[in-house]
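Q: Sequence plus the predicted model coming up.
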Amino acid sequence: MALKLQQNGYTMKDNQLKKSSTVLNKRPLGEVKSSSHSSFKKPKIGDGSLPITGKQVSVKAEKEADDYDHVPISERLKKPISSGNKSLATKQKATKVVSSSFKKSSKNKKQVKKSMYSKSSKMLPSSGEGQKWTTLVHNGVIFPPPYKPHGVKMLYKGKPVDLTPEQEEVATMYAVMLDTDYMNKATFKENFMNDWRKILGKNHVIQKLEDCNFTPIYEWHQREKEKKKQMSSEEKKALREEKLKQEEKYMWVSLDGVKEKVGNFRVEPPGLFRGRGEHPKMGKLKKRIRPSDITINIGKNAPIPECPIAGESWKEIRHDNTVTWLAFWNDPINPKEFKYVFLAASSSLKGQSDKEKYEKARLLKDYIQGIRTAYTKDFTNKDITRRQIAVATYLIDKLALRAGNEKDDDEADTVGCCTLKVENVEPVPPNILKFDFLGKDSIRYQNEVEVELPVFRAIQQFRTGKQGGDDLFDKLDTSKLNAHLKELMPGLTAKVFRTYNASITLDDMLNRETKGGDLAEKVVVYQHANKEVAIICNHQRTVSKSHSAQMSRLNEKIDELKGMLDEFKTDLARAKKGKPPLKGADGKPKKNLNPEALERKIAQTTAKIEKMERDKETKEDLKTVALGTSKINYLDPRITVAWCKRHEVPIEKIFNKSLLAKFTWAMDVEPSYRF
DNA sequence: GAGTCGGACTCAGAAAATTAATA
DNA sequence: ATATTAATTTTCTGAGTCCGACT
């Protein structure tokens, strides 16, 4: 957790300057809109895995189909990679290297033109008031297998205990966690024992957790794990295929006649609740979900999925086309909350809203100057609420803080901007703010930032007369803040600033820092920008427990290589004088190489050492930084795609398979696209 | 009409699974 | 070539945001 957050006061300022200049250079809307359409196309269902009724024929209509027509065909069909102003050598390499997905996507365009937009755009999923789809066919959800008792007896006060399968199941959940950190959490143990006791019954032999010995079950579990690991690869493969066969029918839906992947079709298995941070409910039993807990949402004319557990039935069937969920059940830990089954990230439905998210963030570009001017003015507003709104907006903009909704007492104690406590922000004269708080997922945010003097004074004043645990922004909550933001820009909310700042930072850094170089160097530029964004957004990961071992092994290897290098050098010197090489460290004689060969070896080894040194550095550098989250959620993929096209970087170097699938809507963006 | 709550969606890191690299 | 191990990807499900209806 020793993340040393740079204060990004300097960097930020720099970015902001850049930003304002981008604003001046707006693109015509047409260009903005030109990208997405072809990629929303999905293959029609052809494998008969879903029961498609006659009525489920595609009536898919596309929003923005009209806008698409504004873009000249020549523009749309432009081959992304072929604008060749590069030297012959690079160009040749590039054509070979550049991704197939680009080519595919530009091909798609034509097909799309012909096949997709026959119906009027009046019917579009999101144009009809809140309507998300017209037909929806799916097979419901799959349940985890029933519990299989193992019969291994735990000990109570040293003696084996008989447990019913239900009691044993819960005991096993606990036993399996014996080697986790939860064993050091009193809350976890207490919550577990309370729920387990309910199942044991009042007068059970087992009364106190301290007298329980779960080791026999734990060891049984370890043996099972080992067995599984030792299975031959054929057995493993067979098992996988069996599972896949069972799950296949649940993996896909037909949405408006288009086959789409489901995200989470597996019902969550029972287990012990593992909250993040100091969660008051950790260790509670998450009970098994049954069909009678589950509400299914499905098209009116679609067959109702068969309940996969004999003799049981769904709780409810709905036909609500204003929502995108396929099913939900109440969270057993917090029955007021729901667990939804949604489509996968690769679906067009998700793609559509993803794109809308980035369009909204781009719209903020046109307003950001005005907004900044306005809140700067309000730092000294005599109305305290206005002043708090101004400062909060400033922090959200400058530091990419989350909005910070109110939380209940039965959740982990974490904060966002609006819920910051006095003790979370320490003013250090003349104008430094020291932040230290637990944010989402109880990830610590630590940062020291230089702020404008009026902000500094405002914070000091908000703190006066309050205790450490009091709200810093006592006149504020997220709904007031967002209501205010909505007056500044249509649809503006606090989270848009995070998207905006992340994406504009990427766009800006990529365009400032890409200077020729080979492919590897360009990828490094990208990773560098990605890292910057991850730091701004405070996306952290715990350092892997093998990290230090891995580092020292890297060091060993480097030393070894250096040793080799020295040997080569002495041998070279000797070879030049016609002498044979010295014996190796192991005492064996070496092949007598000519000087040229040795020169080559030296060059190779030097390069290898340099590469390893660089790898070591990045590894250490990124040990607490999670790059993935921003890539998935904050960075407009069109920035990446366009940059790849401009610099002849295969998109696969940056996006893996899932990302490519998730971002199909962004693939045919113009190379000139800027956020 | 401010506050609360149900509801639906995005975003989050850890853990598990898979694949690639290396010995 | 095969077995470890490291890196990467995928899965899992918890934790946020934000909206709108109700009180």
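A: Yep, it's here.
Q: how many neighbours does residue A:490 have?
A: 9 (other CB atoms under 10 Å). Heads up, the C-betas are built off the backbone N, CA and C, glycines and all.
Q: so what's the nearest residue in space to it that is not next to it in sequence up against?
A: Leaving aside its sequence neighbours, residue A:490 sits nearest to residue A:363 (CB to CB, 6 or more residues apart in numbering; 7.9 Å). Residue A:363 sits next to A:489, A:490, A:491 when contact means CB atoms under 8 Å, 6 or more residues apart in numbering.
Q: do that again at 10 Å, thanks
A: A:32, A:489, A:490, A:491, A:492, A:496, A:500 (CB atoms under 10 Å, 6 or more residues apart in numbering).
Q: Let me see the domain layout of chain A.
A: A:9-129, A:155-233, A:235-336, A:349-496, A:504-666 (automatic domain parsing).
Q: JSON lines please, covering the ones you listed and showing distance to residue A:146.
A: As requested, the domains of chain A are exported to JSON lines (distance: least, CB to CB, whole Å):
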{"stretch": "domain A:9-129", "distance to residue A:146": "26"}
{"stretch": "domain A:155-233", "distance to residue A:146": "9"}
{"stretch": "domain A:235-336", "distance to residue A:146": "9"}
{"stretch": "domain A:349-496", "distance to residue A:146": "30"}
{"stretch": "domain A:504-666", "distance to residue A:146": "32"}
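Q: which SS state does residue A:446 fall under?
A: strand (DSSP: H, G, I helix; E, B strand; the rest coil).
Q: so what pLDDT did it get?
A: On the pLDDT scale, residue A:446 is placed at 97.
Q: Over to the one 4 residues further on?
A: Predicted confidence (pLDDT) at residue A:450: the value is 97.
Q: Quickly note the distance from it to residue A:391.
A: 15 Å (CB to CB, to the nearest Å).
Q: Looking only at neighbour counts, state which of the two leads.
A: residue A:391 (25 against 17).
Q: can you give me the end-to-end distance of stretch A:147-164?
A: 12 Å (CA to CA, to the nearest Å).
Q: Check stretch A:436-446 too.
A: 5 Å.
Q: Contacts for that stretch, please.
A: A:1-5, A:275-279, A:399, A:401-402, A:404, A:412-417, A:419-421, A:423-426, A:434-435, A:447-448, A:538-542, A:626.
Q: Check whether residue A:265 really touches residue A:141, as I assumed.
A: Yes - counting by CB atoms under 10 Å, residue A:265 does reach residue A:141; the two are 5.4 Å apart.
Q: quick one: common contacting residues for these two?
A: Joint contacts of residue A:265 and residue A:141 (CB under 10 Å, 6+ apart) are A:250, A:326, A:327, A:341.
Q: Tell me the one of those residues nearest DNA strand C?
A: Nearest to DNA strand C out of the shared contacts of residue A:265 and residue A:141 is residue A:341 (CB to the nearest atom of the strand; 9.1 Å).
Q: Tell me how many other residues crowd that closest one.
A: Residues near residue A:341, counting by other CB under 10 Å: 23.
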